[in-house]
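**Student:** Have a look at this prediction, sequence included:
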Amino acid sequence: MLFTMEKTLTLSSMENARLIVKGEHFTNNLKGVSIIENFADMGNKEGYAAIVLDGNVSYLRDCIARVKNSGFYGIITKNPSDEMAEICAELNLTLIGIPQSCHCHRIVEQIADAILKIYSERAELMYKAYDEFCSTDTEGEENSGTTVDDIADMLGTRIVTYYENGRIGSAGGFKPESARVAELGEENDGRSIIKIGEQIMKGYILPFRVIGKTLGRLFIQVEEERELDDFEKSAIKILMLSVTLKSTKSMAVDEIELRLKNDLVSDLLSGSYSSERSAVLRAKDIGWNIEKPFIVATMHADAAVKNINKAIRINRALREGMNAIMDDMLGSEQSHIIGITGDVVNVLWPYDSEKSYTANADDIRQAFERLYEENKEYLELSSYSGGIGGKTNGAGDIRKSYNDAVNAMKYGVMTGGINKTYDMNGLGLYKLIIRMGSREEMESFIPNNLRRLIEYDSASKNVLVNTLDVFLQCDCNITKAASVLDIHYKSLVYRISRIKEIMELDTLDGDVRLEIQLAFKILHIMNSMNQ
């Protein structure tokens, strides 16, 4: 939405006009137009187009220099001389020649109309934005036509809005190469430098502040050869004010809705509701259908929370990030059921009946890994761990699926480490052990012969116990186990013989071997529980 010296060539009154010199402000926005009859006193005409009625004057160089110094972006004149063209080229001033038959006052009228129309459209756009954002009637706001594309078109530049974590909310005037903005610093002239993908852009950053908090930023690209005029700067200030007012209003509504959603998720996971029917109705009130199949999944992002502001930032970033990932993977047709408590993310993941449970679980693993990778630097996350429960067949199964997810994460980390997401099916034999429940029940599965070896070996730092564990893990292969233990195979043969003697065993095959291996897995879990 600009009118420039270049666009004057498209006017009907400029038929058969020709560009003779393309000056430095050829594509800059014009503020007005002025007919010059007297070169003596032109005043400040920054951003104007000059229509020179008579270019055949004495002291031509001095006259054109005065045009340049007054701030004119270019000259339109009839049959300009070669000398005028040379002078304009030296001064980097646009020069357009028109035929003798052209009517200069008609040119002035059309240029003024075009500029007035643009200013009128800009004002209308800003008033529209203000009315929409400040209206107390929230109905229909989601269908409003005011977008960053309109503002980008109005300013004739590129615009990006992005959150505190750098994730892009919207862009106008171009398609971003990446989903995130990286701020690289500031130029001496006050312009900021950002990077989107491999694209470097320079311009001005304005923060979105609501109730003293910065929620995001607006970036307006302004390159060195272009500056925003006073109207544009005022328009941007009005826009930022209107966005802030709208954000404050919508934030209050969002906070209430968010509290309702978090409370419902918490009650569903803990089973704290009077009846399944009441839970279903509460969910419908906020647009959720919890009667369809889900898989409950939980993820703990390990963040060193030092203060309340960082805790709020983590909570907001994890929620926004999880929503964006689920939009990408599942579509945005319906709201996603997500509960965030501190740095713990709980999700009711819709079960895709066209996929197996394993395939659904793999999707959740991918989502949690993406959430961690996309936020670990911004939120200073050191690690994460996740758990996946079973498929639900109604609201009544949600609590059980959640408990399975928590146990899968807890015991999965014990046996497989961090930065992974575990499901109960993937824990194999450990799933059976977890189902045992109490520590006392687990201990009851440790056979007496292994207890004797543990008691005998405690004085020698469990050398024999560790030897037996490794030997069984290596499928009773002497050579392989000796290599793992880094001892001579004869030493291992002696140790195995001594182990059998203490445990009063003739063989380590069959059911005896299975019983001892199961006992070792129980011991590993119990040791992890003690840490």
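**Tutor:** Here it is on my side, so go on. Numbering: from 1, shown residues only.
**Student:** For the stretch 351-500 of the chain, which residues score under the pLDDT cut-off?
**Tutor:** 415, 426-439, 441-442, 459-460 (pLDDT under 70).
**Student:** which residue ranges form the helices in it?
**Tutor:** 357-379, 398-416, 429-434, 439-443, 448-457, 463-473, 478-485, 489-503 (DSSP state H, counting those that start in this stretch).
**Student:** quick one: the first one to chain centroid distance?
**Tutor:** By that I understand helix 357-379. 14 Å (Cα atoms, centre = their mean, to the nearest Å).
**Student:** Pull out the buried positions in that helix.
**Tutor:** 360-361, 363-365, 367-372, 374-376, 378-379 (16 or more other Cβ atoms under 10 Å). Where C-beta positions appear, they are placed from N, C-alpha and C, glycine not excepted.
**Student:** what's that helix in contact with?
**Tutor:** 165-166, 295, 297, 299, 301, 303, 313-314, 317-318, 321-322, 325-326, 329, 345, 347, 349, 351-352, 355, 381-382, 384, 386, 388, 390-391, 419-421, 423, 425-426 (Cβ atoms under 8 Å, 6 or more residues apart in numbering).
**Student:** Drop anything exposed from those.
**Tutor:** Buried among these (16+ other Cβ under 10 Å): 165-166, 295, 297, 299, 301, 303, 313-314, 317-318, 321-322, 325-326, 345, 347, 349, 351, 381, 384, 386, 388, 390-391, 420-421, 423, 426.
**Student:** residues in contact with residue 272?
**Tutor:** Neighbours of residue 272 in contact, by Cβ under 8 Å, 6+ apart: residue 266.
**Student:** how close does it sit to residue 265?
**Tutor:** 11 Å (Cβ to Cβ, to the nearest Å).
**Student:** among the buried ones among the contacts of helix 357-379, which are in strands?
**Tutor:** Assigned to strands by DSSP state E, the following of the buried ones among the contacts of helix 357-379 qualify: 295, 297, 299, 301, 303, 345, 347, 349, 381, 384, 386, 388, 390-391, 421, 423.
**Student:** picking that back up, let me know the closest of the buried residues of helix 357-379 to residue 178.
**Tutor:** residue 374 (11.5 Å; Cβ to Cβ).
**Student:** Let's verify residue 56: helix, strand, or coil?
**Tutor:** What DSSP: H, G, I helix; E, B strand; the rest coil gives for residue 56 is coil.
**Student:** List the contacts of it.
**Tutor:** residue 81.
**Student:** starting at the chain centroid, how far to stretch 56-66?
**Tutor:** That offset, for stretch 56-66, works out to 57 Å (Cα atoms, centre = their mean).
**Student:** Ok, stretch 408-420 next?
**Tutor:** Distance, centroid of stretch 408-420 to centroid of chain: 27 Å (Cα atoms, centre = their mean).
**Student:** How about stretch 41-52?
**Tutor:** The answer for stretch 41-52 is 47 Å, by Cα atoms, centre = their mean.
**Student:** in it, what counts as buried?
**Tutor:** Neighbour count says stretch 41-52 has 42, 45, 47, 48, 49, 50, 51, 52 buried, by 16+ other Cβ under 10 Å.
**Student:** cool, stretch 484-498 as well?
**Tutor:** 485, 492, 495, 496.
**Student:** any idea what sits nearest the residue sitting nearest the centre point of the chain, other than its immediate chain neighbours?
**Tutor:** For the chain, the residue nearest the mean C-alpha position is residue 167 (3.1 Å; Cα atoms, centre = their mean). Leaving out its chain neighbours, the residue that sits closest to residue 167 by Cβ to Cβ, 6 or more residues apart in numbering is residue 180, at 5.6 Å.
**Student:** my guess is the one you found meets residue 166, correct?
**Tutor:** Yes - applying Cβ atoms under 8 Å, one finds residue 180 in contact with residue 166, separated by 4.4 Å.
**Student:** quick one, strands of the stretch 1-150 of the chain?
**Tutor:** 18-21, 32-36, 48-52, 74-78, 94-98 (DSSP state E, counting those that start in this stretch).
**Student:** and of those, who's closest to residue 504?
**Tutor:** With Cβ to Cβ as the criterion, residue 504 lies closest to strand 94-98 of the strands of the stretch 1-150 of the chain, at 103.4 Å.
**Student:** Show me what the closest one is packed up against.
**Tutor:** helix 5-8, strand 18-21, strand 74-78, helix 82-91 (3 or more Cβ pairs under 8 Å, 6 or more residues apart in numbering; DSSP states H and E).
**Student:** please redo it, this time with the cut-off set to 7 Å
**Tutor:** Using 3 or more Cβ pairs under 7 Å, 6 or more residues apart in numbering; DSSP states H and E, the elements in contact with strand 94-98 are strand 18-21, strand 74-78, helix 82-91.
**Student:** can you list the ones you listed in a markdown table and add distance to residue 507?
**Tutor:** Shown next, in a markdown table, are the helices and strands packed on strand 94-98 (distance: least, Cβ to Cβ, whole Å):
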| stretch | distance to residue 507 |
| --- | --- |
| strand 18-21 | 99 |
| strand 74-78 | 100 |
| helix 82-91 | 101 |
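**Student:** Find the one among those with the highest mean neighbour count.
**Tutor:** Most buried of those, by mean neighbour count (mean count of other Cβ atoms under 10 Å): strand 74-78, with a mean of 24.
**Student:** And the average pLDDT for it is what?
**Tutor:** For strand 74-78, mean pLDDT rounds to 92.
**Student:** that older thread, out of the buried residues of helix 357-379, which comes closest to residue 65?
**Tutor:** Among the buried residues of helix 357-379, and counting by Cβ to Cβ, the member closest to residue 65 is residue 378, at 53.7 Å.
**Student:** Residue 108 contacts residue 35, correct?
**Tutor:** Yes - at 6.2 Å, residue 108 counts as touching residue 35 under the criterion of Cβ atoms under 7 Å.
**Student:** ok, these two, which is more surrounded?
**Tutor:** A count of neighbours by other Cβ atoms under 10 Å puts residue 108 above the other of residue 108 and residue 35, at 18 against 13.
**Student:** Need the pLDDT of the more buried one.
**Tutor:** Residue 108 is given a pLDDT of 90.
**Student:** Contacts only, for it.
**Tutor:** 33, 35, 51 (Cβ atoms under 7 Å, 6 or more residues apart in numbering).
**Student:** Residue 443 now?
**Tutor:** Here residue 443 is in contact with no residue (Cβ under 7 Å, 6+ apart).
**Student:** shaky segments in the stretch 101-250 of the chain?
**Tutor:** 122-148, 154, 209-213, 215, 225-250.
**Student:** cutoff 50 now
**Tutor:** Scanning the stretch 101-250 of the chain for pLDDT under 50 picks out 132-146.
**Student:** Helices of that one, residue ranges please.
**Tutor:** 104-134, 148-155, 230-270.
**Student:** how far away is residue 519 from residue 504?
**Tutor:** Distance from residue 519 to residue 504, by Cβ to Cβ: 16 Å.
**Student:** the more surrounded of these two?
**Tutor:** The residue with more neighbours, out of residue 519 and residue 504, is residue 519; 20 against 9, by other Cβ under 10 Å.
**Student:** mind checking which helix or strand that one is in?
**Tutor:** helix 510-530 (DSSP states H and E).
**Student:** mind listing what's buried in that helix?
**Tutor:** Buried, per 16+ other Cβ under 10 Å, within helix 510-530: 513, 516, 517, 518, 519, 520, 521, 522, 523, 524, 525.
**Student:** That one to helix 398-416, inter-axis angle?
**Tutor:** 100 degrees (axes from the mean of the first three to the mean of the last three Cα atoms, to 10 degrees).
**Student:** can you give me how far helix 510-530 is from the chain middle?
**Tutor:** 44 Å.
**Student:** about what we covered before: I'd like to know which of the helices and strands packed on strand 94-98 is closest to residue 508.
**Tutor:** Short answer: strand 18-21, nearest of the helices and strands packed on strand 94-98 by Cβ to Cβ, at 94.2 Å.
**Student:** average pLDDT for that closest one?
**Tutor:** Rounded mean pLDDT across strand 18-21 is 94.
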